Structure formats: C-alpha cells, structure tokens
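1. One predicted model, sequence on top.
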Amino acid sequence: MAHIELDTLTKHFGDVAAVKGIDLSVNDGEFLVFVGPSGCGKSTTLRMLAGLESITDGALTIGETVVNDLPPHERNVAMVFQNYALYPHMTAAENMTFGLDSNGLFNRSGDDEQVAEVAETLGITDLLDRKPKALSGGERQRVAIGRALLREPEVFLLDEPLSNLDAKLRVEMRTELLELHRELQTTTVYVTHDQTEAMTLGDRVAVLNDGQIEQVDPPQLLYDYPATRFVAEFIGSPAMNILPVDVLGRDGQFVVQHDGFEIPLPTTNELEAIAGSPAYFGVRPEDISLAASLPAEAATFEATVSVTEPLGESLLVHCEVGDTELKVKTEPRSTVSPGDSIEIGVDEERLHLFDEQGNAVYH
Ligand code: ATP
C-alpha cells in the first residue's frame, strides 16, 4: 500500500491546459474517486499517475518516491482501462498473467495457484480457458481486474472500468469492487463521469472541473455542503434547483429575494459581506415540501404544477413560482396533476447560497 501526493500537478498538450496544478493527498488504503464532466482532465490525471502521460510541471509522489520520471512498470501501480485492453488471441488466464515476469512483480512458479485464487475471488474459475470473444462484457471486465490484482500493486488505477457494462451489471460490479477494496485495502484511484458511481465507491470524491479540483470530500459532505455552485449542480440527481437572487439586509435580518418570493436567512458574516450583491440560491428537490407536510409557521409559496414525473420511490413535480421553475421531490403517491395550484415550502435548514463567482457563502 502507498499514499500518493499530487503537488501542483500540471499537464499541457501544446496550448491546451488539461490539468491546471492539482494539489491532493490520497491516503494509504484510501478509495479516491475523480469525477467530473467530459474533458475536465480526469483521465489525463490518472494517466500521469500510471506513467502513461508525461508530467508538464509539479511533482507526483507514490509512497516515498517521486515518480515523475519513472516508467510505468517501475511505479508498482496496476491500471484497469474502460475497454479492458485484453489480447484477443490469448485465453483469460494468459491475459491475466501475460507480461508479469518482465516487471519482476510476480513469481512465475506461483502462477497457477495465484491465478486460481484470484479467479476464485472474481468468480471466473470456469472461464480461464476462454478467449475474450467468448466472454461477456462483465466477464471481460473481471479478467481485466484479475490481471491488475495478480500484480499485487501498491496502487490500483481504474479509468471508467464499468462504463461499457449494462446498468444492472454496473451496480453488481460496483458492489464487488467495494468488497475487493475492503478485503485488500489497496490504495485506489478511480475515474468516472458518473456521480452515482463516485458517491457509492469513494471514501472521498474529488470533483474536477476544467483541469482543477472544485472540492474533495467524503460523499455525504459533498452532497450536504457543496463548496461551489458547480459541485452543487453536478452532484445529486435530479439536480439542485439554483435561482439567481438578491441578498437584502432588512431590519437586522437577511432575506434572499427572487421574483416575488422571499426567504429569511440567519445573519452571518458571510451574508453581511455579500448583502446588496447578486447571488445564487440553491435548494435540492427533496428539501422542498408540499405545504401540508410543513410546520404551520413555515414560509410557503404558491406554485403551479407543470409536469409530474413518477420515479417509483418518489414523484418529481416540476412547478412554477411566478416565472421560476422549481423541481420538487415528493411522496410517490401524491395526487398532484399538471395545472394544479399547490403550496410549497423549503426546509430552512437545508438552503445554500453561492456568491456571484459561485463560491458557497451559506449552508
Ligand atoms: P472524458 O470523460 O471525456 O474521458 P476527461 O475528463 O477524462 O474526459 P481528459 O481525457 O483528461 O478528460 O482530457 C482533458 C483535456 O485535455 C480535454 O480538453 C482533451 O481534449 C485534452 N486532451 C487529452 N488528451 C490530449 C492529447 N493527447 N492531445 C491534446 N489534447 C488532449
């Protein structure tokens, strides 16, 4: 096992700044997930960790060694790719062991026993003699993971390893990856664009945007206390409602005001600093309720239902307050229909406010 330090890690491809000076410590044994939209620099960062991409600037340390100039096979890392990267002419077992002795990390005499053990762990014992084209996507992915496991690396690097699998298998493999990590406790860095995958797998999740880290925190903290508007909108499905508001100081109190409705907020230094400025107000769909379920003293607003989406475990109600569209997640069997006039109210403990630059100033 090993900890990893990224110290202003930077990558330029010609004029393109793909990774803009990332600082991050990944703890020994941690499962760290990089998540972000397409093109934000996730894969490039992972490929620099693997040694598959040169580092333009900054330092990368794995364990106690600065590895900037070490080739991949001297870094004691194993990578699993999105497309599995299996050799079509080799059997599953051959794919798993190929190349192992050249990097000196695997004892040839123990081949069969170790392969059998890893195959057993991954449930692919009966598939070892098959070639990739006779394997399903999920089975191929297990073989690719088996190949990484056999290397017994200090660090696992996984680049969207589940994205070619169907939805059901993806969920199953997610659980298997978590079990494997609990068993092996190997430091793991995992890249995905899927926020659900990030939230369910990561001990901590680093949200990347435009080559920079927006926030790195355990999943529930990211969800409850997004540090930026970008994180607030990226994490959570359906996404957080975000409205442009004015923050007004009035009678020793602060209110956010938007298009005819006002919500009072407790006074804080941060609010005082942005009073009078435009800001963005955020509230998650599940933190807005139909008035009937709110305490009598809660502030409520009149809204008109435009669309309802049954999600099974809940009902997503799209409604309009004045010209503003809001999504409300409510009881699955609520009897609201398009055109209905309803009263809604927000949970005042669960509001977010972001300044004009998108930094959180209030939760
Ligand atoms: P995706 O989820 O789509 O794979 P990503 O977050 O992994 O995206 P990267 O593949 O790391 O993003 O790319 C980051 C940026 O660097 C993008 O703007 C991309 O176009 C650019 N880039 C990546 N590889 C190269 C390359 N070899 N040459 C030039 N630009 C590149």
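-> Nice, thanks for sending it over.
2. got the residues of the stretch 151-300 of the chain near the ligand?
-> His193 (Cβ under 6 Å from any ligand atom). Heads up, the C-betas are built off the backbone N, CA and C, glycines and all.
3. Do you have the strands of the stretch 151-300 of the chain handy? List them.
-> For the stretch 151-300 of the chain, the strands defined by DSSP state E, counting those that start in this stretch occupy 155-159, 187-192, 204-209, 212-217, 241-250, 253-258, 261-265, 278-283, 288-290, 300-310.
4. ok, and which of those has the densest surroundings?
-> strand 187-192 (a mean of 25; mean count of other Cβ atoms under 10 Å).
5. And the contacts of it?
-> 1-4, 26-35, 42-43, 45-46, 49, 154-163, 181, 198, 201-202 (Cβ atoms under 8 Å, 6 or more residues apart in numbering).
6. just stretch 14-23 next, same as before
-> 6-12, 41, 44-45, 48, 57-58, 210-213.
7. switch to 10 Å and redo it
-> With contact meaning Cβ atoms under 10 Å, 6 or more residues apart in numbering, stretch 14-23 is reached by 5-13, 34, 39-45, 47-48, 53, 55-58, 60, 206, 208, 210-213, 216.
8. Just the buried residues from these, in ChimeraX please.
-> Burial among the contacts of stretch 14-23 is assessed by 16 or more other Cβ atoms under 10 Å; the matching ChimeraX selection reads:
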select :6,7,9,10,11,34,40,41,42,43,44,45,47,48,53,55,58,60,206,208,211,212,213,216
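9. Name the spans of the stretch 151-300 of the chain whose pLDDT lies under the cut-off.
-> 260, 296-297 (pLDDT under 70).
10. Which residues are in contact with the residue of it found nearest the ligand?
-> Nearest residue of the stretch 151-300 of the chain to the ligand (Cβ to the nearest ligand atom) works out as His193 at 4.8 Å. By Cβ under 10 Å, 6+ apart, His193 lies in contact with 34-40, 42-43, 160, 163, 208, 234.
11. and what of Glu262?
-> Contact partners of Glu262, counting by Cβ under 10 Å, 6+ apart, are Val245, Asp246, Leu248, Arg250, Val255, Val256, Ala299, Phe301.
12. try it again with 6 Å
-> Val255 (Cβ atoms under 6 Å, 6 or more residues apart in numbering).
13. Please name the bridge partners of it.
-> Counting by DSSP bridges, Glu262 is bridged to Gln257.
14. hang on, Ile344 is in a helix, isn't it?
-> No. Read with DSSP: H, G, I helix; E, B strand; the rest coil, Ile344 is strand and lies in no helix.
15. can you count the residues close to it?
-> Ile344: 22 surrounding residues under other Cβ atoms under 10 Å.
16. Can you give me the pLDDT of the closest residue to it other than its chain neighbours?
-> Once flanking residues are discounted, Ile344 sits nearest to Ala303: 5.0 Å by Cβ to Cβ, 6 or more residues apart in numbering. We have a pLDDT of 90 for Ala303.
17. Pretty sure Val317 is one of the things Ala303 touches, is it not?
-> No. The criterion here is Cβ atoms under 6 Å, and Ala303 misses it with Val317 at 8.6 Å.
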